[in-house]
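A.B. asks: this one's structure only:
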């Protein structure tokens, strides 16, 4: 049976997730940070005879599924997905593989979720935490990238960066060219709690790529997070990102799978 959560159920969900939050990061972070006060974020518990067997969250039109032992009731999950007609279904590969064959109208995308246990690459000493007044410039740089920023646009990026920094929910690290003073590299956290941070938005401008700037800037950001006793996580989907993350010490937790309507 799948039942929508109320505020009194948040503790039950967190008890179910426990220290396995690396496999459902955004669900866990949103629950810890905002609870169920955001009208665009909803959570459901699925139960069998032994108790909770999965948790489902919906943020706007995207659905995320977490099951600690992958003992969920498949037909209920499929019915739920068909009822909600999501723009995306995501979760650990071993979970999503259990439902994918029953969702023929979706294409899959496989990525990696990883955790940084030991920093093995030297931080770039010139990379620094950007203040509020530099977020506008950062948003302009990121918005020019076809994959990373253009789908969002400058205005939305700038708004999100300001909101995250104000709420202490994110931070931006940048590296500048010593001659032109232009931003040439960026790395950020797109979600943070007191005990963890999820890094993303790593970008080096085209003419400066291949020189280790991304690794050095991401290492500088990661060093600061580790100094605050945060667990550091990341998602990535392409070989270049794999090399960068593994090159500074990230270790794979597992495969992350997205199902997107065709």
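C.D. replies: The structure has been received and is ready for your questions. Values in this document were obtained by computation on a predicted structure and should not be read as measured data.

A.B. asks: where exactly do the helices run in the stretch 51-200 of the chain?
C.D. replies: For the stretch 51-200 of the chain, applying DSSP state H, counting those that start in this stretch gives helices covering 74-84, 93-100, 135-143, 154-166.

A.B. asks: and those, which one is worst for confidence?
C.D. replies: Ranked by mean pLDDT, these end with helix 154-166 at the bottom, a mean of 90.

A.B. asks: Let me know the angle separating that one from helix 135-143.
C.D. replies: 130 degrees (axes from the mean of the first three to the mean of the last three C-alpha atoms, to 10 degrees).

A.B. asks: who's in contact with helix 154-166?
C.D. replies: Residues from elsewhere that reach helix 154-166 (C-beta atoms under 8 Å, 6 or more residues apart in numbering): 132, 135-136, 138-140, 142-143, 149, 152, 169-172, 188-190. Every residue, glycine included, has its C-beta placed from N, CA and C.

A.B. asks: Can you select the buried ones from those residues in PyMOL?
C.D. replies: Buried residues among the contacts of helix 154-166 (16 or more other C-beta atoms under 10 Å), as a PyMOL selection:
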select buried, resi 135+138+139+142+143+149+169+170+171+172+188+189+190
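
A.B. asks: Residue 17: which of the helices of the stretch 51-200 of the chain is closest?
C.D. replies: Of all these, helix 93-100 sits nearest to residue 17, with 13.3 Å by C-beta to C-beta.

A.B. asks: Would you mind listing the buried residues in the closest one?
C.D. replies: Neighbour-count burial for helix 93-100 flags 93, 95, 96, 98, 99, 100 (criterion: 16+ other C-beta under 10 Å).

A.B. asks: From the chain's centroid, how far away is that helix?
C.D. replies: In terms of C-alpha atoms, centre = their mean, to the nearest Å, the gap separating the centre of helix 93-100 from the centre of its chain is 19 Å.

A.B. asks: before we move on, what about stretch 209-216?
C.D. replies: So, by C-alpha atoms, centre = their mean, the centroid of stretch 209-216 is 22 Å from its chain's centroid.

A.B. asks: Now do the end-to-end distance for that stretch.
C.D. replies: Taking C-alpha to C-alpha, to the nearest Å, stretch 209-216 runs 12 Å from one end to the other.

A.B. asks: Provide the contact partners of that stretch at residue level.
C.D. replies: Contact with stretch 209-216 is made by 121-124, 127, 175, 184-185, 187, 202-204, 244, 247-248, as judged by C-beta under 8 Å, 6+ apart.

A.B. asks: average pLDDT across it?
C.D. replies: 94.

A.B. asks: List the buried residues of it.
C.D. replies: For stretch 209-216, a neighbour-count test (16+ other C-beta under 10 Å) marks 212, 213, 214, 215, 216 as buried.

A.B. asks: Now do the first one against residue 184, distance only.
C.D. replies: Counting by C-beta to C-beta, to the nearest Å, the gap from residue 212 to residue 184 is 12 Å.

A.B. asks: likewise the third one?
C.D. replies: Computed as C-beta to C-beta, the residue 214 to residue 184 distance reads 10 Å.

A.B. asks: cool, and the second one?
C.D. replies: With distances taken as C-beta to C-beta, residue 213 is found 6 Å from residue 184.

A.B. asks: Thanks a lot, see you next time.
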